[in-house]
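K.L.:
predicted structure and sequence below. I'll ask about it afterward.
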Amino acid sequence: MTQEFPNQTSSPLWTSESVRLEKLAWRQELGRRAIARSRMNRVCLMLLIWLAVFSQLSSTGVVLLSFLHLDIPAWLTGAGRLAAACGTVGLVLIWKRRPFWQNVMFARSGVPHAGEVLLWVLCLLALQGAAGLLQSLLSPAMEFFRTKSKVVSGTAETTVSLALYTAVAAPVTEELLFRGAVLRSLQPYGKRFAIFCSALLFGLVHKNLTQTPFAFGFGLLAGYVAMEYSILWSMSLHILNNAVLALGLDALLRLLSGTWYWLAIRGALFLLPLAVCLVLALVFRKKLAARRERDPIDPKWRRLFFRTPGWIIFLVLSCVCIVLNQLVKKVPSDLFRQAAFRIAKSNFVA
């Protein structure tokens, strides 16, 4: 019995030449899948390296100093994070060569209209509102695990280095990594596929029950902006989120906490945009569905991505980190725990 190949029929026209062409097409398809699997594995591997070396650099240093019962300067955390940001840029430079930076990373597809930019800001505020509602729903569990995450992002950024990292360095380097290297590496397999996978990876690296959903939503928005226009626009949106919403508004809301101003500002800035976005999604649901149909996610690439060893390892480690971030916080407070989780304190900085 001869081996059958895709699209083989019993037609008399089935000749040795057509069999050869079918074999060639099948081998080419296997080659494309092997290349795609290798590229997807490389993406997950680079993110694992980034998490292990650069993302945890500042946390590890402070935890070690705390374990040795040494005094920790206030500026050390921010300086460590700035050093990690520089390391992130170096990692992307090693990963992607000069032609990628010149022709792909900062590729521009046009300039958005003012109305589109306002819609992005509205979606960003809606994400903050949705994250706040999720925080409220999870508050009983958070209280059980003694988690003190905040609805609007922001730890007490008391040093210049921490503020500089949060407002500028983190948005720039994370956009270069996720909306630059990761998004563009997956783009050959579909725009929507690349946006979804890069946003999913971006959400999981935040390793927190409340921060991960917000980061995933922000990754979808920033991925769309970077894909349709430029990574410079997604960087600007990221800086707006971290500098204005995470630092500026958080400081204002802390000053007004417990007053009716606090409720009014929160409702106007977060809950109202969320309601508006939901209404707009219902009104334009047919146009959104038509847009999805024009650029569908190929099930072949989706299955391949979620079955690659790199993704499986990344997912398992991320879930373990999320669980540990909650369980370890039940340990009685001491110097080691205070230092470790002051850095890992939950916030909605993307």
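P.N.:
Okay, I see it. Residues are numbered from 1 along each chain as shown.

K.L.:
please enumerate the helices of the stretch 151-300 of the chain.
P.N.:
Assigned by DSSP state H, counting those that start in this stretch, the stretch 151-300 of the chain shows helices spanning 160-164, 170-174, 183-186, 191-204, 211-228, 231-239, 249-255, 260-266, 272-283, 285-294, 299-307.

K.L.:
show me what the shortest one is packed against.
P.N.:
For helix 183-186, the helices and strands in contact under the criterion 3 or more Cβ pairs under 8 Å, 6 or more residues apart in numbering; DSSP states H and E are helix 16-49, helix 191-204, helix 211-228. (C-beta placed from N, C-alpha, C; glycine too.)

K.L.:
and the angle from the first one to helix 299-307?
P.N.:
For the pair helix 16-49 and helix 299-307, the angle between their directions (axes from the mean of the first three to the mean of the last three Cα atoms, to 10 degrees) equals 40 degrees.

K.L.:
what mean pLDDT does helix 16-49 get?
P.N.:
The average pLDDT within helix 16-49 is 84.

K.L.:
give me the angle between that helix and helix 191-204.
P.N.:
Counting by the same axes, to 10 degrees, helix 16-49 lies at 30 degrees to helix 191-204.

K.L.:
mind listing what's buried along helix 16-49?
P.N.:
Within helix 16-49, the residues that count as buried by 16 or more other Cβ atoms under 10 Å are Glu22, Ala36, Arg37, Met40, Asn41, Val43, Cys44, Met46, Leu47, Leu48.

K.L.:
where's the fifth one relative to Gly310, distance?
P.N.:
Counting by Cβ to Cβ, to the nearest Å, the gap between Asn41 and Gly310 amounts to 4 Å.

K.L.:
could you dump the helices and strands packed on helix 183-186 to JSON lines with distance to Leu164?
P.N.:
Below are the helices and strands packed on helix 183-186 laid out as JSON lines (distance: least, Cβ to Cβ, whole Å):
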{"stretch": "helix 16-49", "distance to Leu164": "24"}
{"stretch": "helix 191-204", "distance to Leu164": "22"}
{"stretch": "helix 211-228", "distance to Leu164": "21"}
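
K.L.:
ok now do the closest residue in space to Arg179 that isn't next to it in sequence, which residues does it touch?
P.N.:
Residue nearest to Arg179 in three dimensions, not counting chain neighbours: Ala226, with 4.0 Å by Cβ to Cβ, 6 or more residues apart in numbering. Applying Cβ atoms under 8 Å, 6 or more residues apart in numbering to Ala226 gives the contacts Glu175, Arg179, Gly180, Leu183, Trp233, Ser234.
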